[in-house]
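>>> what shape does this take:
(chains A and B)
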Amino acid sequence: MRILRYLTLFALVLQGQDVTLPLKANSVRFAAIGDMGTGQAAQYQVAQRMLLFHQKFPFNFVITLGDNIYGGGSPTELERKFEIPYKPLLDVGVQFYAALGNHDDTNQRFYKFFNMNGQQYYTFKKENVRFFALDSNYMDPKQLIWLEKELANAGSEWKICFFHHPLYSSAAAHGSSTELRTILEPMLLKYGVQVVFAGHDHVYERIKPQHGIYHFVEGASGELRVGNLRKTVLTEVGYDQDRSFLSVEISGDELYFQAVSRTGVTVDSGTIRRPVHEEQ
Amino acid sequence: MQSDRFLKAILAAALGVASIAIGAPETVPAKETPAFREFNERVRRYLKLPKSAPALRNTKEGEEIVQRRHALAQKIQEERSHAKPGDIFSHKVAEEFRRVIQGAFDGPKGPNVRKTIRQGEPVAGWRPIVNAEYPDKLPLTTVPPTLLLLLPMLPPEVSYRIIGHDFVLEDTEARVILDLIPGIIP
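Alright, predicted model coming up:
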């Protein structure tokens, strides 16, 4: 039975993957994964699927949404739960930008593959998109002050935040991080952040826009809680039947997304037009 | 600390975050009380301890990160071999923390604070011990941001942690428990 399951998976891996993203010239292309660092077969299979997808949609970098290395206290854990599964992507020059989760050792910020440069929270820019990686496990006043300053000076057309704890989630296990939302959301609105990526809940969910901000939960790139999504009034699209990753392309004022399951099924796709906030 | 007051004033006034987002009297940034001044001084004293472990740098070698962390932990444990509960959280300091934390839990935002801890995967089955290393396998319980707004701001070398019902001060890089207030978290 187990052999049959692996053979099926292998066959699926061999299949091509339809890409719904437009592959426009000079677009910003990336993938998002969360709660992946288990070192188990499923994580490796998602990584393999990402590699196949990369052949048709050559994304340049990956943002990680925390819980990158579960129980990562030994050197071999970093290899087994990151370097080995994503080696083919690293080998073709894909960069990873990590946000920390509650299962991550904060010293991962010195791990060169994560591009954190020793910082628990940081920002980087790709073309017309400014990314903000936050440490939602320890949202202290210093981080808030830093975020305020960086958002105020960002100047980019697109502002995207990514961190571990979702401000909105319909999953039964954790759900929305309401306290964090109370503190962060006014700032995100004030400075015109358009999109937020988070993990923590081991499902995929696209939330209906909240005050004009689009929220994605992708916490099923290694871990999974089958059937955990309750599909509340918040849910636009959700998927909790298998692992998944999210791929994104930004070109001009449009953001295209495609969520793909471990077996290559497109579980969600669409386009977001850059909203202009009144506060801007 | 002067800088703490300054940063919190910026946070509350200039950014409008505390006032817009939180607003309740319980979340007005903590005043620099004598107890918090004493706490800050004790933290400063801790930071002056000689630590000879090499500074951590960006590396692709996971082994280097882990070895450095353990070397730093060992050095701290040696330097503080006689450390005991209350060395940093003295009675007076602990009482002030208790008052502020209790106020946050009992106030109108209390349910949200509790929810954050619940969602942040509270650690059970392990009691922290002063000078022990935080176990690798355990997650870090999310520290409620409302609490972090109320407590003295820390330098990056040290962090607050919540472990079960205990409130802990930890060396951020070495992940050594520096002191704790047992049973303070409801």
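
>>> where do the strands of chain B begin and end?
B:158-163, B:166-171, B:177-181 (DSSP state E).

>>> residue A:27 reaches residue A:251, doesn't it?
Yes. Residue A:27 lies in contact with residue A:251 (CB atoms under 8 Å); the separation is 3.9 Å. Bear in mind the C-beta positions are built from the backbone N, C-alpha and C, glycine included.

>>> neighbour count: those two, which is higher?
Shown here are residue A:27 and residue A:251; by other CB atoms under 10 Å in any protein chain shown, residue A:27 has more neighbours (22 against 18).

>>> please tell me how far that one sits from residue A:20.
Going from residue A:27 to residue A:20 by CB to CB, to the nearest Å gives 14 Å.

>>> skipping adjacent residues, who's closest to residue A:38 in space?
residue A:222 (4.3 Å; CB to CB, 6 or more residues apart in numbering or on different chains).

>>> which residues touch residue A:213?
A:185, A:188-189, A:193-196 (CB atoms under 8 Å, 6 or more residues apart in numbering or on different chains).

>>> what does residue B:147 give?
Contact partners of residue B:147, counting by CB under 8 Å, 6+ apart, are B:101, B:104, B:113, B:160.

>>> low pLDDT regions in chain B?
B:1-31, B:52-53 (pLDDT under 70).

>>> show me the helices in it, by range?
Ranges of helices in chain B, per DSSP state H, are B:2-9, B:17, B:34-47, B:62-79, B:91-106, B:110-119, B:145-150.

>>> in the stretch 151-280 of chain A, where is pLDDT below threshold?
For the stretch 151-280 of chain A, the ranges with pLDDT under 70 are A:276-280.

>>> which among the strands of chain B is found nearest to residue A:136?
strand B:158-163 (14.3 Å; CB to CB).

>>> what pairs with that closest one, and is each one parallel or antiparallel?
strand B:166-171 (antiparallel) (DSSP bridges).

>>> centroid residue for chain B?
residue B:160 (1.3 Å; CA atoms, centre = their mean).

>>> can you name the residue of chain B nearest to chain A?
Proximity of chain B to chain A (CB to the nearest CB) peaks at residue B:136, 2.4 Å away.

>>> count the residues that sit near residue 150.
I went with chain A, as the question did not name one. For residue A:150, using other CB under 10 Å, the count is 16.

>>> not what I meant, chain B
Count around residue B:150 with other CB under 10 Å applied: 23.

>>> wait, it sits on residue B:105?
No. Under the criterion of CB under 8 Å, residue B:150 is not in contact with residue B:105, lying 11.1 Å apart.

>>> now residue A:218: how far from residue A:18?
Taking CB to CB, one finds residue A:218 at 20 Å from residue A:18.

>>> and if you look at residue A:95?
Residue A:95 is 26 Å from residue A:18, where distance means CB to CB.

>>> quick one: which of these two has more around it?
Remark: of residue A:95 and residue A:18, residue A:95 carries more neighbours, 16 against 12, as counted by other CB under 10 Å.

>>> run a quick neighbour tally on residue 127.
By default, I'm working from chain A. 14.

>>> that's the wrong chain, I wanted chain B
Neighbour count for residue B:127, taken as other CB under 10 Å: 12.

>>> what's the spacing between it and residue B:133?
Going from residue B:127 to residue B:133 by CB to CB gives 14 Å.

>>> ditto for residue A:47
31 Å.

>>> same deal with residue A:243?
Residue A:243 is 32 Å from residue B:133, by CB to CB.

>>> same check on residue A:170?
37 Å.

>>> which of these two has more residues huddled nearby?
Comparing residue A:170 with residue B:133 by other CB under 10 Å, the one with more neighbours is residue A:170, at 22 against 19.

>>> biggest helix in chain A, by residue count?
From DSSP H, the single longest helix across chain A is helix A:41-56.

>>> what's it packed up against?
helix A:2-14, strand A:28-33, helix A:84-91, strand A:244-251, strand A:254-261 (3 or more CB pairs under 8 Å, 6 or more residues apart in numbering or on different chains; DSSP states H and E).

>>> tell me where the stretch 101-250 of chain A has helices.
Using DSSP state H, counting those that start in this stretch, the helices found in the stretch 101-250 of chain A span residues A:141-154, A:178-190.

>>> take the ones you listed and lay them out in TSV including distance to chain B.
Listed next are these as TSV, based on distance: least, CB to the nearest CB, whole Å:
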stretch	distance to chain B
helix A:141-154	5
helix A:178-190	4
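
>>> now, of these, which is deepest in the fold?
helix A:178-190 (a mean of 21; mean count of other CB atoms under 10 Å in any protein chain shown).

>>> then it to PDB, C-alphas only?
What follows is helix A:178-190, C-alpha atoms only, in PDB (Å, rounded to 0.1, in the frame of the first residue of the first chain):
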ATOM      1  CA  THR A 178      -6.200  39.200  17.400                       C
ATOM      2  CA  GLU A 179      -3.900  40.800  19.800                       C
ATOM      3  CA  LEU A 180      -1.100  41.100  17.200                       C
ATOM      4  CA  ARG A 181      -3.700  42.400  14.700                       C
ATOM      5  CA  THR A 182      -4.800  45.100  17.100                       C
ATOM      6  CA  ILE A 183      -1.300  46.400  17.300                       C
ATOM      7  CA  LEU A 184      -0.100  45.900  13.700                       C
ATOM      8  CA  GLU A 185      -3.100  46.500  11.500                       C
ATOM      9  CA  PRO A 186      -3.400  50.200  12.100                       C
ATOM     10  CA  MET A 187       0.200  50.700  11.000                       C
ATOM     11  CA  LEU A 188      -0.200  48.500   8.000                       C
ATOM     12  CA  LEU A 189      -3.200  50.500   6.900                       C
ATOM     13  CA  LYS A 190      -1.600  53.800   7.700                       C
END
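
>>> between helix B:110-119 and it, find me the angle.
Between helix A:178-190 and helix B:110-119, the angle comes out at 100 degrees (axes from the mean of the first three to the mean of the last three CA atoms, to 10 degrees).

>>> show me what helix A:178-190 is packed up against.
Using 3+ CB pairs under 8 Å, 6+ apart, helix A:178-190 is in contact with helix A:141-154, strand A:213-218, helix B:17, helix B:110-119, helix B:145-150.
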